[in-house]
Structure formats: structure tokens, C-alpha cells
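Chemist: model the following, please.
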Amino acid sequence: DLAPHADATITPRIIGNRGLGVENEIRYLNQFSEWQFSGSYFTDDINNEDRWLAAVKEQGQFADNWFHNIDISRVSDDDYFEDYDVSSLDVKRQTHLLQSGELHYRGNKVSSSLAVKQYQTIESGLSEPHRIRPQFNIHTNTQNQHAKPELIGVFEYSDFDSDDTAQAKGQRLYYETGVAVPLQWQAGYIHSRASIKGVRYDLNQQHAVIANANKPSVQVPSATIDAGLTFEKLGKHGKQTIEPRAVYTYTEFEDQSDMPVFDTRLAALSIEQQFKNSRFSGYDRIDNANQLTLGITNRHFNNAGRQVASAGIAQTFYFDDKKVFLNNGQLISDSHSPILGELTLQPFEGYNASFHFAADNDFKRIERARWRISYQNNGRLLSASQIYNRDETNNKITDQTEFSAALPLGKRWNIYAQHHYDKRNEQSVQNTLGLAYESCCWKVRTIYQQSLDNNDIAGEHDSGFFIEFELKGLGGTGATTDSILADTIYGFTQ
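Modeler: Prediction:
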């Protein structure tokens, strides 16, 4: 402890064949914010060079409605996370390391934000995302007062830049203005809205998608009606609800093939996403729509008010072709979306099960599916899961299973295990095995981990052995194995 509001953790390290190093983490707290500084430095004897990592995280509030945060991570080279374990630091391994600063205002009727973002890409073969300097957003907040019209206002300005000469650069302005009318009753609601959506660009001339068209723009009308009901039935063992919902959306089509794609992606399929009025996650595209989404959810609650089961299903019906797409996209002429379903079960405390799927109308072809069964109670953690995804665009099928467990062996011993297997490629993705002993005054934990090297075409595995020794009340030495287990054992908390 450096002071009542500050502490530091210094970890000297010796890595075989690589040399000496030190890791440091400092935490600082004041009346306005929390700061965390993380860093490491190694002398690499193999490559005869200095290797380092630096990270800063901050979050705080300086007035009732004003919030701010900083998140910056950077490493000396692309292979740093491959060669060095960083489990003792609060830094997550990612393909793109974020460097951002944000300021937020959250009012009752209006919210806004100002942000700058850039990334360090450390995965070979991946393009670096655009720098955003700055991005300003302001939007109205809905009050949802019965039969009281509300103004809709969304404005976002972004300036995109990149060192990649092949990437488009320029400014984007997105806006939406209109009116919403919420109607709400105890048994249901009807929310309607009508608006004008638009996006405008000011691009560097050499990066215009179409020659001499460096200021493309589009503006379209859009309308949505969202209606839902809730039927309740009380029984001996609790309450049951049936909740049908229907959402109709119309958004006029305008050709947007002359517009770049800065930060927009297709959103993942889910029931929640299906009820939204766009397939896209960003503002580079305004999705055309003439569609109706129907769904129904059934929930069961016990007498204590805890939800013990939930089942839902939804599907969208298209009355016009989907003509707006991202780069290299294709017109969608299907009359309907896949059927989306989900099931969650919590029959007893600690027991959980979930199942999500996307299938065709005849349920003969599964597009996506994932399930998980887990148990958590008195330090016992058990989990089994599977993910299946058919990506026809890239002609790729993902089919992976994972099992994990954390179990006490008597009063002082604990064992940890995890197995992640790729069924499609018939190879393990990651294996973890750990053992821990704890007494009244000290504890020791060892972990062996084997992970697939994503950069190795031959599918070779990297392996590591970690040991942590802790005197209670004084802290520990070695790798912080809590963070390793939190990443691999489902439900494990530090």
C-alpha cells in the first residue's frame, strides 16, 4: 500500500531462454475517478531486444450527469502475447488493442458522448480498424409516457482516418428525426414511430467508391409499429405468462453502393435482433424494409417470483427484397428469415440450461445453434456447451464443444479442468488442468494449459505451466491464476 487511496504490485519474473523482466500494476483512487496503470518490461535474450506492455484504465464522474473513461493498451510488437503470459496484469489478450478516451453526458431527456478511438492490430492477416478522431453523438431519450408524443432526434458525426492507403477516409454524419407515440396499458402496448433517416459523407477524393463522387448521401422515410400483449395465469406453483409480439417496419430503399463501410457489420442473429428495424450494427447503411416480425414468449415463475423457465420463438416475413448490403453483398429475395428460438431453464438454485437456434421453415437445416448446461453451488462448477454455425458466405462451418469444471476435493484441495474441442477440424482448441491446496495461512495453485496457435497453419499447440504461491494477508508471487481460470472455467469468479 502506497497510501490509503493507492497501491502497487511489483512482480519480478524470470523466463527460461528469454531473460529477466518485471511487471507493475498501480491503482489510484480519488474523489472523481479510479485509475489503473499496468506495465511490463522484458529483456528478450533470444531476439536481443527490449519487449514491453503498457496499459491505462480510468473511469469516473465529475458531476451528476457527466462520466468519463480512458482505456489504452499497447505492446512493443505483434508477438508479445504469444511469448509472454500477462495473467498477473488486468490486460486481456485481443487481436486489436483499444486506445480510447470518452466523455458522456446522461440527462433525463438528452444524452450525448464525445470519443476518440484507435487500435493496434497484433494479429497477422487482419486489417487495422479506422481511427476515429473524433466521434460525437447526441440523441433524445424516450420517456414512454402513455399517449404523449415524443420527438426523435439522433445525430452522430464521425471522422475516420487510416494509414492504409487502400482504405477509405473521411467524415460521416448520420441523423434521424421524427416523432414517436407510446400507448401503454397493463396488459400490453403499442409503440409507433415515424422518422426521416439520413447519412452523408465527405470523403477524400482518391477514396471515393465511385470516381468524382466523394460526397455521397442518402435520406429515406421510415416507420415502425411495435405491439405486444401479456397474458398472465396464476397457479398453485407460481405464475405463467404468454407474451405475443408483432413489429412492422417500413423503410424506403435507396441505392447505397457508392458509400464506404467504416465500422458497420451485420448483426448476429437473435430474437432480440430480429425485432429491430435494421440488420446492421452501424450507421454506414440504412436497411430497406417492408417486413413483419412475429414472436411469442412463454415464461414461468415460482411462488417466490424467480423465473424458472422461458421459451421464445420469432420469425420475420419480408414483403420486399432486401436490396441494401455491405461490400460484395447479394440481394436477399427470401420471403422470410430463419426461425429463431431460445429456451432457458433454471429449475433449482444453481442449475441452468439454455438453448438457442436458427433453422429453416421445415427444421431440416440448422443455420446456428448453441446450448449450455451448467451447475454452480458451494464452490462446485460444472459446465458443458456447444456452438454450431453455418457461414455460407465464407463457406465455413464452426462446430465446437467445451467442458469445464472446478471441484473441491475435501476441505483443502481443489481441481480445475477444461477441454475445448473443434469437431469440424478434429483437434483440441484449448486444454486446462489445475490443482490447488489451501491452508489457514497460505495457498498454492498450479495450472497447465495447452492452446492452439492461431498463427500456425499446421495446428500446433502452445503450452504453459503456471504456479502461484500466496501468504494470506500479504499477497502472492507468480502468475495470477485467478484470471486464467476466469477465462477458461465457466462461472469462475476471482
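
Chemist: what segments of the stretch 351-494 of the chain are strands?
Modeler: Secondary structure of the stretch 351-494 of the chain (DSSP state E, counting those that start in this stretch): strands at 351-359, 366-377, 380-391, 396-409, 413-422, 427-438, 442-452, 461-471, 475-478.

Chemist: for the ones you listed, give me a markdown table that also has mean pLDDT and distance to A54.
Modeler: (Glycine included, C-beta is placed from N, CA and C.) Below are those laid out as a markdown table (pLDDT from 0 to 100; distance: least, C-beta to C-beta, whole Å):
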| stretch | mean pLDDT | distance to A54 |
| --- | --- | --- |
| strand 351-359 | 95 | 39 |
| strand 366-377 | 94 | 36 |
| strand 380-391 | 93 | 34 |
| strand 396-409 | 94 | 32 |
| strand 413-422 | 95 | 30 |
| strand 427-438 | 93 | 27 |
| strand 442-452 | 89 | 24 |
| strand 461-471 | 81 | 23 |
| strand 475-478 | 51 | 22 |
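
Chemist: CSV for the ones you listed, including mean neighbour count and distance to N302?
Modeler: What follows is the strands of the stretch 351-494 of the chain, written out as CSV (neighbours: other C-beta atoms under 10 Å; distance: least, C-beta to C-beta, whole Å):
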stretch, mean neighbour count, distance to N302
strand 351-359, 18, 13
strand 366-377, 16, 18
strand 380-391, 17, 23
strand 396-409, 16, 28
strand 413-422, 17, 32
strand 427-438, 17, 36
strand 442-452, 18, 38
strand 461-471, 14, 41
strand 475-478, 15, 42
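
Chemist: and these: which comes nearest K109?
Modeler: Closest approach to K109 among the strands of the stretch 351-494 of the chain (C-beta to C-beta): strand 351-359, 35.9 Å.

Chemist: that closest one pairs with which strands?
Modeler: strand 339-345 (antiparallel), strand 366-377 (antiparallel) (DSSP bridges).

Chemist: residues contacting the shortest one, please?
Modeler: Outside strand 339-345, the residues that touch it by C-beta atoms under 8 Å, 6 or more residues apart in numbering are 269-271, 274, 308-315, 351-361, 363.

Chemist: same question for it, mean pLDDT?
Modeler: The average pLDDT within strand 339-345 is 96.

Chemist: quick check: phi and psi at Q274.
Modeler: Here is the backbone geometry of Q274 (degrees, to the nearest 10): phi -60, psi -30.

Chemist: could you look up the SS state of the closest residue to it other than its chain neighbours?
Modeler: Computed as C-beta to C-beta, 6 or more residues apart in numbering, the closest residue to Q274 that is not its neighbour in sequence is A314, at 5.0 Å. What DSSP: H, G, I helix; E, B strand; the rest coil gives for A314 is strand.

Chemist: quick one: A314 and G295 touch, right?
Modeler: Yes. Counting by C-beta atoms under 8 Å, A314 touches G295, with 3.2 Å between them.

Chemist: more crowded one of these two?
Modeler: A314 (23 against 20; other C-beta atoms under 10 Å).

Chemist: pLDDT score for the more buried one?
Modeler: At A314, pLDDT is 97.

Chemist: give the contact list for it.
Modeler: R245, I271, Q274, F275, T293, L294, G295, I296, I339, L340, G341.

Chemist: near N277, how many other residues are there?
Modeler: N277: 21 neighbours (other C-beta under 10 Å).

Chemist: the stretch 1-150 of the chain: helices as residue ranges?
Modeler: Under the criterion DSSP state H, counting those that start in this stretch, the stretch 1-150 of the chain contains helices at 80-83.
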